[in-house]
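Q: pasting the sequence and the predicted coordinates here, then a few questions.
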Amino acid sequence: MDPHLLTTFVTVARHGSFSAAAAELGYTQSAISQQVAALEADLGLALLSRRPVEPTPAGRRLLEHAGPLLLRLRAARADVLRAAAAPRHRLRLAATPLAINAVLSGRLARARAAQPRLEVTLVTCGREHVGALVAEGEADLGLADGIAAPSDPLRLPDTGPMTTVGVSEEELVVALPADHPLAGRTALRLGDLVDARWLQTDLCPLARLRDLVGEGFPVALEYRGDDVHTVVNLVAAGHGLTLLPASALPGWAPGPSGSVAPPAACGVPLAWPRLVHRVELLHGALPPGSAADLARALSS
């Protein structure tokens, strides 16, 4: 299959419109129609119905393959260019919010002290996007986090050949309000909390907990964001429980005299299953220079 034609098909399917795809890709609507027809002729199958414009069963199946295929092509191009690039002092780092909270601040400060000319652009994103940004050359290095068994690698999307290095493993705690009946426990078992009310967040997807323990974990509130402090405040206000690395729960102190302090959140260590919050460094080929030096500093 021609990657150019596949890109056109994916764009039309995403917009549900030939004219919108033409506007995005810079072609006429007629050219877009011809490209889709050429791909359909190559496969001998109809991929899009025309009124309305939507994928056929064969088209939906092709879309499942198209994303990874096109990503691997972009990754291959970026990897070749990266390997041939001259060393530079301006780098892009993609990281998840919890990875930043767990390992980045101190290590990045030390790396910049050792490389005074180093300029870093930090981009925060979800763990499912870190590898893609690195693979496509949009970031030189990535830091992704997740829940894993001790010493086990993270389950990250396949983005082609890439080096992954574990840089941090930290205790997980059940985050709950300080006045919660379970707040005084020395440890908690996840299996005992399947009927509790939970937050659904990108920081701790409940699907991962159900994979580990089974059904349960009803959603009390869904937060579509990745700000750690917002999640802690939602827990403190009683909107649901979640799992966080211990370092994500900041110290809490009462407000000024006469003010009403917000409720505090606390963390109780997770006793079972034995899990940790793991952070991994991701990168492609790194010729000698600032990027390789920063990778060593972040993984030390």
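A: Cool, the structure landed.
Q: and the helix or strand containing Glu222, how far out from the chain's middle?
A: According to DSSP states H and E, Glu222 maps onto strand 219-223. On the basis of C-alpha atoms, centre = their mean, to the nearest Å, strand 219-223 is displaced by 19 Å from the centre of the chain it belongs to.
Q: ok, now stretch 145-152?
A: Averaging C-alpha positions (C-alpha atoms, centre = their mean) puts stretch 145-152 15 Å from its chain's average.
Q: so for it, mean pLDDT?
A: Stretch 145-152 shows a mean pLDDT of 92 in the predicted model.
Q: quick check: buried residues in the longest strand along the chain?
A: Using DSSP state E to define each element, the chain has its longest strand at strand 163-177. In terms of neighbour count (16 or more other C-beta atoms under 10 Å), strand 163-177 has its buried residues at Val167, Ser168, Glu169, Glu170, Leu172, Val173, Val174, Ala175, Leu176, Pro177. Where C-beta positions appear, they are placed from N, C-alpha and C, glycine not excepted.
Q: in the sheet, who's paired with the last one?
A: Going back to what we said before, that points to Pro177. Ala265 (DSSP bridges).
Q: can you tell me how far it is from Gly267?
A: Distance, Pro177 to Gly267, using C-beta to C-beta, to the nearest Å: 11 Å.
Q: so where's this structure uncertain?
A: Residue ranges of the chain with pLDDT under 70: 81-89, 250-263.
Q: pick out the residue nearest the middle of it.
A: Nearest to the centroid of the C-alpha atoms of the chain, with distances taken as C-alpha atoms, centre = their mean, sits Arg127, at 1.4 Å.
Q: count the neighbours of the nearest residue to that one once chain neighbours are set aside for me.
A: Of all residues not flanking Arg127 in the chain, Ala144 sits nearest, at 4.6 Å (C-beta to C-beta, 6 or more residues apart in numbering). Using other C-beta atoms under 10 Å, Ala144 has 26 neighbouring residues.
Q: Ala144 against Leu154, yeah?
A: Yes. Proximity of Ala144 to Leu154 meets the contact threshold set by C-beta atoms under 8 Å, at 6.2 Å.
Q: who touches both of these two?
A: Common neighbours of Ala144 and Leu154 (criterion: C-beta atoms under 8 Å, 6 or more residues apart in numbering): Arg127, Glu280.
Q: what about the residue nearest to Arg127, helix or strand, and which?
A: Assigned by DSSP H and E, Ala144 belongs to strand 141-148.
Q: picking that back up, please save the CA atoms from the next helix or strand after the strand holding Glu222 in CSV.
A: Going down the chain from strand 219-223, the next helix or strand is helix 228-236, by DSSP H and E. Only the C-alpha atoms of helix 228-236 are listed here, as CSV (Å, rounded to 0.1, in the frame of the first residue of the first chain):
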residue,chain,number,x,y,z
VAL,A,228,-1.4,16.2,39.9
HIS,A,229,-2.5,18.9,42.3
THR,A,230,-6.0,19.0,41.0
VAL,A,231,-6.3,15.2,41.5
VAL,A,232,-5.0,15.5,45.1
ASN,A,233,-7.5,18.3,45.8
LEU,A,234,-10.4,16.2,44.4
VAL,A,235,-9.3,13.3,46.7
ALA,A,236,-9.2,15.7,49.6
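Q: and the contacts of helix 228-236?
A: 97-98, 101, 175-178, 199, 201, 203, 221, 223, 240-242, 244, 248-250, 262-265.
Q: 6 Å instead, please
A: Outside helix 228-236, the residues within contact range by C-beta atoms under 6 Å, 6 or more residues apart in numbering are Pro97, Asn101, Ala175, Pro177, Leu199, Thr201, Leu203, Ala248, Pro263, Ala264, Ala265.
Q: got the CA positions of the helix or strand just after that helix in CSV?
A: Using DSSP H and E, the helix or strand that follows helix 228-236 in sequence is strand 242-245. The C-alpha coordinates for strand 242-245 follow below in CSV (Å, rounded to 0.1, in the frame of the first residue of the first chain):
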residue,chain,number,x,y,z
THR,A,242,-7.0,7.0,43.6
LEU,A,243,-3.5,5.5,43.5
LEU,A,244,-0.5,7.9,43.5
PRO,A,245,3.2,7.7,44.1
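Q: quick one: strands adjacent to strand 242-245?
A: When DSSP bridges is applied, strand 242-245 pairs with strand 163-177 (antiparallel).
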